[in-house]
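Q: got a predicted structure plus its sequence, pasted below:
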Amino acid sequence: MVFMFFGKKTKNPTKYYIVIPLFFIVRFVLFIMKYFLYLSLLILSSPAFLFGQDSPKDAITNLDSLAVLAYYQEDYAQATYFWEEMKSTIEQHNLEQDYLGALQYVAILYLETEKYALAEALYLKISKLQQEQKGIDNVFYVECIAQLGYCYYGMGRYEIAEQYYLKALKIARSILEETAPTYSSLLNNLGLLYNTTGRYEEAEQIYLEVVEIDRKSNSAHYYATSLNNLAVLYQEMGYYEAAEKLYLQSQELRKKIYGVNHVNYALGLNNIGNLYEAMDQDVVAEGYYEEVRKILGGNSPHYVYSLNASAKLYFKQKKYLQAEHFWLKALKISQKELGRKHPATAQYWDQLAQLYLEQGALDKALNYCRNGVLANIPELKSVDFVDWKQLDTVTYYSNERAGISLSTLLKVFKKTCNKTTKKEKWEEYFSISNVAMRLNERIRNDFTSNTNKLRILENNVTSLGCGIHAATFLGSEKYYQEAFAFAEQNKSILLIEALKGQQARALGDLPDSLALLESSLQGQQEKLLKRRMLAKNKAEKIRIATESNQLNFKINRFVASLEDQYPQYHRLKYNNTTVSVKEVQALLGPQSLLLEYFTLEDSTYLFTISKEQINIITIPHSKTTLNQYINGLRLSLSDYDLIDKSQKEAYFLYTKSAEWLYQELVEKALKNKAIKDIIIVTDGALGHIPFEVFLTKPAPPKGMNYKTLDYLVRDYNISYSYSASLWKENLKQSASSLQPLSNKQVLAFAGSYPKSKHQLFSLRSESICNIRGALEDLPAAAKEVKALSKIFYGQFLTGVEASEANFKKLAPDYSVIHLAMHGVSNEVAPILSSLAFSEDYKSVEDNFLQAYEIAQLSLTANLVVLSACETGYGKFQQGEGVISLARSFMYAGVPSLVVSLWQVNDQATAIIMRLFYQNLAKGMSKSMALRTAKLSYLELFEGMAVHPALWSAFIQVGDSAAIELEVRKQRHWWMLAAGLVIFLLISIGYRKYRSKQHQNA
């Protein structure tokens, strides 16, 4: 089996992962009866007994036995002495081939005492000898490879560790049953690695499988450990209740196995204390930490972790002297036991730096930060470290630890620079931000899971903000350009990578078979994610976890093989994907302006880029203040009850919010500029509102006339993008999609939702039937599509023909796709949000096209119009933006979208859409066509019918260029439609109109 000796977790050294190897337990039972005999012999022994002058094999056996005994007395120094004497005897007599197992005991002890370099050298030797002697398809070789992985894990060299773990798993799977303890242990090691590096999604899937394997086994100590490790993960993820339950369950098992004075029991207590600290139960936590130290004593190699746990608690409580005392002690022990060059040693330097920063001792904090950075770099000596830019070229023991060190360093520099105007200091500040940004990019590219990439991007925000802060002080265009790259680092990264992947397949010499395999693996991953989210019981979740693990192993091996065999493809896909200022300016028209926002907790930065220049405007309002006005505006536009029942209140809320947002977010950027087109890259909650309704002049103090207000849309064509880099990619895609691949025609679908037939329940799940049963019919949708058929050539499907199967069959061939149907959002799992097509009572598809399915399509369309509720609204994720249903179409290769931000009545939608398409047919750009449609709507109606809630919900995202379509001879159909809507509003009254829009949303 694989022997796991887990000390600290580099990210948080107060958590432990200990498994006492089964071979030691067996040997301990065999030797315990001889305990007193060996003790007597130890006291009375002669050198002939200890060192086997007559027989080296006897000496090896005797020394081995004494080492085991010392090990179980936790006398690691004595155990080391005996085993190293044994090792010397083996090597002296060239008996390595005969005693590989005995040598492995020595290597295991090195791991236990965290002497990773010694363990590495010995395991490399043992594994080489075993391979020469018996090949690689054996358990012993697997154990050696896995333990080499743990050596590198302990050193903080996580990428190499993962390679060894995956190699060991690959061999183990071919020679062992997947219920074997060795296989479970290998999975556990890999889960620990993923947990340490923040790859929580993958770690959870692995731990769930491990827990199930160990539960069914007869090994209580393995089961206790797997429960503990899953608890640690859930604590990291903030699932405290689940973590507490697992910790206590694990601790009960450990108590039965080891008793209350054993190191494993103590480490379990430390974990529980750490959980209670996270839950702000500090007094309870400190009680656990004190008990841990009593059990371990000062000589235990695990004592340092309890010191660190207490120090963190005291720091949190602002008891700085006590915290300093414990951290200095921990640093001293770490330097002695692990060495001055080690990620754990670097951690204690960092924590002390944070302590001194909190106390205002900035010079001391800076010195400790520097030492922390150096402790994590194998080759760089202090005397050779003269410039922060050197950090761009070094190799760290742990990239993750380096990121934390740089984050601490940036905090120190921020406080230092805020007290000085010295340009040199600010340039250092900016330089370190640059280093941190590039390091995070390296870390992100190590991951295959999108969830884990987003987690890294979330951690990146502070570092990026520091760089932008420094750039605004330094003031020159050179710094502005680099700061813009910082802002782009956290916008739509996953979507850009997906588009880069599509291009890389074509340009990177990747064979079609491998391109198909890559797409297939991605599709399987998305389907498993859907199944996991819909899983209803524990057994099903465990089955899915096992499948996910197998798939993730395949994906990791596949990515590694691509990097090795197709380096050009790998480089094209994973190299820096952010656009430069110069590239943006080359794409902008002479009367175009790009506005990009970057929001932090205390302020927002606005980048303004025109054809000739770039500027940064600091918006000195906290995120809380900004969100108050954003939420106020959105409420005044989307809450129809408020609009109808409290018209004055709604009007005041709208005008106040719209005026403030224009003045604070836009006015300075537009002042004295001859601009016609604005491209807006939002951040955070800004992606939930249309800038078109911002008011460029204050509303009249009296009256309530929405028709005459000075909306921003009156002056500018406005389009949106999720990032400037994505905007560039969209323009590139749009140019390619205008090639003969597309047919210059329109594909339009109008969903219908009559009462379901009884046979539906035998075809669909209960949840699907319930969702469809709640959908109201959209009579205007069919009219909308019929009207399009009178303008353009193409296919226009309504009723039962507007099915998901027909969409998937036809969609790849059309230039424009128009979908007039319900959108079904899923706030918990956005990838399960869907478009509701008409039910066709066939088993091929369920007629709910989900976001993950859309992303897997391959479309050549230049434009997709989603005439459905809230298709552009969704949850904001740092690093990716607003995760909406519409966004999935960009993953499918569509460069331009028209989407809605809130629920709109289908009659009003029909008018806006008809006007929009009429303008497209005239050759207008997409943004101009939509803007002109909105202005025409304002001209057509009066009173509450021109409320911006009815016309401003739709926005255009991505490339806004005009599109060439085959147009039929047109009639003035829109005038008739407008008359019908006016009649509707007058005859049924605004309240009934509002009620109807609620039904149809």
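A: Perfect, thanks for sending it.
Q: domains of the chain: list them as residue ranges, please.
A: Here the domain assignment for the chain is 494-574, 581-719, 726-1000, based on automatic domain parsing.
Q: most tightly surrounded among the ones you listed?
A: Mean neighbours per residue, mean count of other CB atoms under 10 Å, is largest over those for domain 726-1000, with a mean of 20. Yep, even glycine has a C-beta here, placed from its N, CA and C like the rest.
Q: and residue 467, which of the domains of the chain is closest to it?
A: Residue 467 sits nearest to domain 581-719 of all those, at 10.3 Å, using CB to CB.
Q: now residue 123: closest residue in space, sequence neighbours ignored.
A: Distances taken as CB to CB, 6 or more residues apart in numbering put residue 148 closest to residue 123, at 4.7 Å, once the chain neighbours are dropped.
Q: residue 388 is nearest to which of the domains of the chain?
A: In this view, the domains of the chain are compared for proximity to residue 388 by CB to CB, and domain 581-719 is the closest at 22.4 Å.
Q: lowest-confidence stretch among the domains of the chain?
A: Taking each of the domains of the chain in turn, the lowest mean pLDDT turns up on domain 494-574, with a mean of 61.
Q: OK, contacts around residue 358?
A: By CB atoms under 8 Å, 6 or more residues apart in numbering, residue 358 lies in contact with 315, 320.
Q: re the thing from before, turn the domains of the chain into CSV, columns for distance to residue 431.
A: Rendered in CSV, the data for those read as follows (distance: least, CB to CB, whole Å):
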stretch, distance to residue 431
domain 494-574, 25
domain 581-719, 18
domain 726-1000, 23
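Q: nearest to residue 283, of those?
A: Among the domains of the chain, domain 581-719 comes nearest to residue 283, with 30.2 Å by CB to CB.
Q: what's the spacing between the closest one and its chain's center?
A: Its chain's C-alpha centre and that of domain 581-719 lie 29 Å apart, by CA atoms, centre = their mean, to the nearest Å.
Q: for that domain, measure first residue to last.
A: With CA to CA, to the nearest Å as the measure, the first residue of domain 581-719 is 19 Å from its last.
Q: sorry, back to before: name the element the residue nearest to residue 123 belongs to?
A: helix 139-155 (DSSP states H and E).
Q: the stretch 201-350 of the chain: helices as residue ranges?
A: Using DSSP state H, counting those that start in this stretch, the helices of the stretch 201-350 of the chain run over 220-236, 240-258, 263-278, 282-296, 303-316, 320-337, 343-358.
Q: brain fart, the stretch 701-850 of the chain
A: Per DSSP H, counting those that start in this stretch, the stretch 701-850 of the chain carries helices over the ranges 724-737, 760-763, 766-773, 779-789, 804-810.
Q: for residue 205, which of these is the nearest?
A: Residue 205 sits nearest to helix 766-773 of all those, at 23.7 Å, using CB to CB.
Q: just the C-alphas of the closest one, formatted as CSV.
A: Presented in CSV, the C-alpha positions along helix 766-773 are these (Å, rounded to 0.1, in the frame of the first residue of the first chain):
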residue,chain,number,x,y,z
GLU,A,766,-41.2,15.4,-13.2
SER,A,767,-39.2,18.6,-12.8
ILE,A,768,-39.2,19.2,-16.6
CYS,A,769,-43.0,18.7,-16.7
ASN,A,770,-43.5,21.1,-13.8
ILE,A,771,-41.4,23.8,-15.4
ARG,A,772,-43.2,23.5,-18.7
GLY,A,773,-46.6,23.5,-17.0
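Q: residues in contact with the nearest residue to residue 760 once chain neighbours are set aside?
A: On the basis of CB to CB, 6+ apart, the spatially nearest residue to residue 760 that is not a chain neighbour turns out to be residue 769, at 5.9 Å. Going by CB under 8 Å, 6+ apart, residue 769 touches 756, 760, 761.
Q: in CSV, list the helices of the stretch 201-350 of the chain along with mean pLDDT.
A: Output for the helices of the stretch 201-350 of the chain, formatted as CSV (pLDDT from 0 to 100):
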stretch, mean pLDDT
helix 220-236, 93
helix 240-258, 95
helix 263-278, 93
helix 282-296, 92
helix 303-316, 92
helix 320-337, 92
helix 343-358, 94
